[in-house]
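S.K.: sequence-free structure coming up:
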């Protein structure tokens, strides 16, 4: 954060004036889509790009934005964080896009953050993340911790799960998430029996499974990311762990991942998100139908895809309100914009540039879809620094 | 204590996985000296073979796929050897770059054919369940690894083809002057080595992800086993795989997964300081 403020403070140098990309010079408005289309993260990020392309297509069909058609410029972040920074620079400086929709892992976002702050350009980041961040040049359309992890813990507590085991990939999101979980547990009389991290791309989970089984927790809180989830759930299942004996609550497993993991291996386990393909809203019926029509009936829609899809609409709405694609005007116009989205009402919080979102806990069904069993009732105000939670004091520093 | 004891079979089963992914490399890398970075993608090809066969073989696809994947991956290896690698014999760095390029192409090909997300390969119902800490599917992999080693050993020591292979490995020039068609032997070696990767791929569908980047998760471990075991040494690979499996299992049990990786690498590096040639050395009269 120190770095971020320092960078934001040096506005006005030549590099930044170039960065206030108008992107609206010609008959079209260029927008950048920057996701990993190759490498270990491609499995997840390709689908978000698809959802964003669908939103762009729909907006164009409806007449575009400010009378201009949107023109997507797609780049590949290649699951490599420096590449994300490099491609972001290219999109801003060379393609002069009006805004960028992109990223998935926190590492990719952290790599892009200085680029966007320095060049005063806009990034829309569509994935749930570990919070404790609020860049003036990023809009976060996925959940922050108080809209996903804390509701997940509330749910486990409600179910009477008092002893937890924490399993995560070894990088910033799981480590920060687990810090929050431990603080929550301490304040709520829950016990943490173990905390284990594995490298990204790790596929050998027999030892970890043994540790979990020996510790006999009531539930496992899972922050593994990517392909590791497949190996983890397959090996957990063969060790005889079932959703009844030891539910594993995941925050990075959505509809897309269920097929790869194998429904057999994960059926009955809970997940925490803000959106499921089965969420019952009029906007969702339209979204699912349009997505399947464009990409095939076998495709599923998931939370990050929906957040990416929303990001394009929210940006377009802000542009309409601002009457310009100029970054500062769009930022100013964005606060307070409220749209009925597939997940329900989404409102941009102008102060944090995060969204008001409804938290939903779902259970994985035998057909691979996720059925909601609990929700927060109303959209939760984003609180990336957990300022409103007394037990979370000291986490943000 | 129970957890500690459980780690023993777990270590052996990790060793079995390591052995299975490294077996093919003992042929192509160990015997022919080809650093084949595309070996991981042959493993991937085996896994996708099981996925494709699922359509008509159902849950038994894993069994049916074993021989089919051997042939599919073997033919891919043969094609690679004939089309490219043979022009680079004796130039290990060029081969490394070439096969690395091929591995990237194959990954992208898989992505185009099967999509970026992982696919689902159902494991047979009779492989569900466990004896103590040892799930049946791990046991299956252990049996498969041991079976493959025995088959290879019989082939190498009992069949005429296998003995010719050994002759070429020990002294290429002398074998050639004795009338052995070394080019033919190279093709066969590469076919078998790549085919074994295909078998490993089928087995891995039981425990891991099946996607375009599958190969990248295993390639480094495969090379580690071959290097630690000694080039071209079947028993070296067996012992190295078992030792690394157990080391991995206990290191992770006492520390954590990230640190266990560091410990395993550190031990191998230290070991290679004392025995750069690996556990076992091929004694030959070749003037190399």
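M.R.: Yep, it's here. Every value quoted in this text rests on a predicted model; they were computed, and no experiment measured them.
S.K.: Tell me where the stretch 101-250 of chain A has helices.
M.R.: A:106-118, A:149-158, A:172-187, A:206-215, A:228-238 (DSSP state H, counting those that start in this stretch).
S.K.: and the fourth one with helix A:228-238, angle?
M.R.: Counting by axes from the mean of the first three to the mean of the last three C-alpha atoms, to 10 degrees, helix A:206-215 lies at 50 degrees to helix A:228-238.
S.K.: How far off centre is helix A:206-215?
M.R.: Relative to its parent chain, helix A:206-215 has a centroid offset of 29 Å by C-alpha atoms, centre = their mean, to the nearest Å.
S.K.: So it, near chain B or not?
M.R.: Yes: contact between helix A:206-215 and chain B, assessed by C-beta under 8 Å from any C-beta of the partner chain, occurs at A:206-208, A:210-211, A:214. The way it works is simple: take the backbone N, C-alpha and C, and place the C-beta from them, glycine included.
S.K.: Most neighbours among those residues, which one?
M.R.: Greatest neighbour count in the residues of helix A:206-215 next to chain B, by other C-beta atoms under 10 Å in any protein chain shown, goes to residue A:206: 29 neighbours.
S.K.: distance of the residue lying closest to that one once chain neighbours are set aside from residue B:247?
M.R.: What sits nearest to residue A:206 in space, not counting adjacent residues and going by C-beta to C-beta, 6 or more residues apart in numbering or on different chains, is residue B:10, at 4.5 Å. Applying C-beta to C-beta, to the nearest Å, the value for residue B:10 to residue B:247 is 12 Å.
S.K.: Neighbour count: the two, which is higher?
M.R.: Neighbour count, other C-beta under 10 Å: between residue B:10 and residue B:247, residue B:10 has more, with 28 against 18.
S.K.: need the contact list for the more buried one.
M.R.: For residue B:10, the contact set (C-beta atoms under 8 Å, 6 or more residues apart in numbering or on different chains) comprises A:206-207, A:210, B:133-134, B:249.
S.K.: possible to save these as TSV with pLDDT and distance to residue A:50?
M.R.: Below are the contacts of residue B:10 laid out as TSV (pLDDT from 0 to 100; distance: C-beta to C-beta, whole Å):
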residue	pLDDT	distance to residue A:50
A:206	91	35
A:207	92	37
A:210	91	39
B:133	77	42
B:134	85	42
B:249	93	41
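S.K.: What does the pLDDT read for residue A:130?
M.R.: Residue A:130 is assigned a predicted lDDT (pLDDT) of 90.
S.K.: Might one say that it is in contact with residue A:178?
M.R.: No: the criterion here is C-beta atoms under 8 Å, and residue A:130 misses it with residue A:178 at 9.5 Å.
S.K.: Write out the residues of the stretch 51-200 of chain B neighbouring chain A.
M.R.: B:107-108, B:111, B:116-122, B:128-130, B:133, B:135-138.
S.K.: before we move on, the earlier item: pick out whichever of the residues of helix A:206-215 next to chain B sits closest to residue A:89.
M.R.: residue A:208 (38.8 Å; C-beta to C-beta).
S.K.: Now the closest one: closest residue in space that isn't a chain neighbour?
M.R.: residue A:196 (5.7 Å).
S.K.: for residue B:242, same thing?
M.R.: The nearest residue in space to residue B:242 (C-beta to C-beta, 6+ apart) is residue B:15, at 4.2 Å.
S.K.: dump the residue contacts of that neighbour.
M.R.: B:241-246.
S.K.: In helices, which of those fall?
M.R.: Among the contacts of residue B:15, the members found in helices (DSSP state H) are B:241-246.
S.K.: Leaving out chain neighbours, which residue sits closest to whichever residue of the stretch 51-200 of chain A sits closest to chain B?
M.R.: Among the residues of the stretch 51-200 of chain A, residue A:198 lies closest to chain B, at 3.9 Å counting by C-beta to the nearest C-beta. Nearest non-adjacent residue to residue A:198, counting by C-beta to C-beta, 6+ apart: residue B:257, 3.9 Å away.
S.K.: tally of neighbours for that neighbour?
M.R.: Neighbours of residue B:257 (other C-beta under 10 Å): 22.
S.K.: In this structure it contacts residue A:203, no?
M.R.: No: at 10.6 Å, residue B:257 and residue A:203 do not qualify as touching, with contact defined as C-beta under 8 Å.
S.K.: tell me the strands in the stretch 1-150 of chain B, going along the chain?
M.R.: Taking DSSP state E, counting those that start in this stretch to define them, one finds strands in the stretch 1-150 of chain B at B:130-131, B:134-135.
S.K.: okay if I get those as TSV plus mean neighbour count?
M.R.: Formatted as TSV, the strands of the stretch 1-150 of chain B follow (neighbours: other C-beta atoms under 10 Å in any protein chain shown):
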stretch	mean neighbour count
strand B:130-131	12
strand B:134-135	24
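S.K.: which residues of the chain score low on pLDDT?
M.R.: I went with chain A, as the question did not name one. A:1-25, A:396-397 (pLDDT under 70).
S.K.: hmm, I had chain B in mind actually
M.R.: Ranges of chain B meeting pLDDT under 70: B:282-288.
S.K.: okay, now the residue of the stretch 251-397 of chain A found nearest chain B: neighbour count?
M.R.: In the stretch 251-397 of chain A, the residue found nearest to chain B is residue A:260; the distance is 2.7 Å by C-beta to the nearest C-beta. Residues lying near residue A:260 (other C-beta under 10 Å) number 20.
S.K.: quick one, what contacts it?
M.R.: A:43, A:227, A:230, B:117-120, B:209-211.
S.K.: how about these in JSON lines, adding neighbour count and distance to residue A:320?
M.R.: Formatted as JSON lines, these follow (neighbours: other C-beta atoms under 10 Å in any protein chain shown; distance: C-beta to C-beta, whole Å):
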{"residue": "A:43", "neighbour count": "25", "distance to residue A:320": "34"}
{"residue": "A:227", "neighbour count": "28", "distance to residue A:320": "40"}
{"residue": "A:230", "neighbour count": "28", "distance to residue A:320": "42"}
{"residue": "B:117", "neighbour count": "22", "distance to residue A:320": "35"}
{"residue": "B:118", "neighbour count": "27", "distance to residue A:320": "39"}
{"residue": "B:119", "neighbour count": "21", "distance to residue A:320": "41"}
{"residue": "B:120", "neighbour count": "19", "distance to residue A:320": "43"}
{"residue": "B:209", "neighbour count": "31", "distance to residue A:320": "42"}
{"residue": "B:210", "neighbour count": "23", "distance to residue A:320": "44"}
{"residue": "B:211", "neighbour count": "27", "distance to residue A:320": "40"}
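S.K.: Perfect, that will be all.
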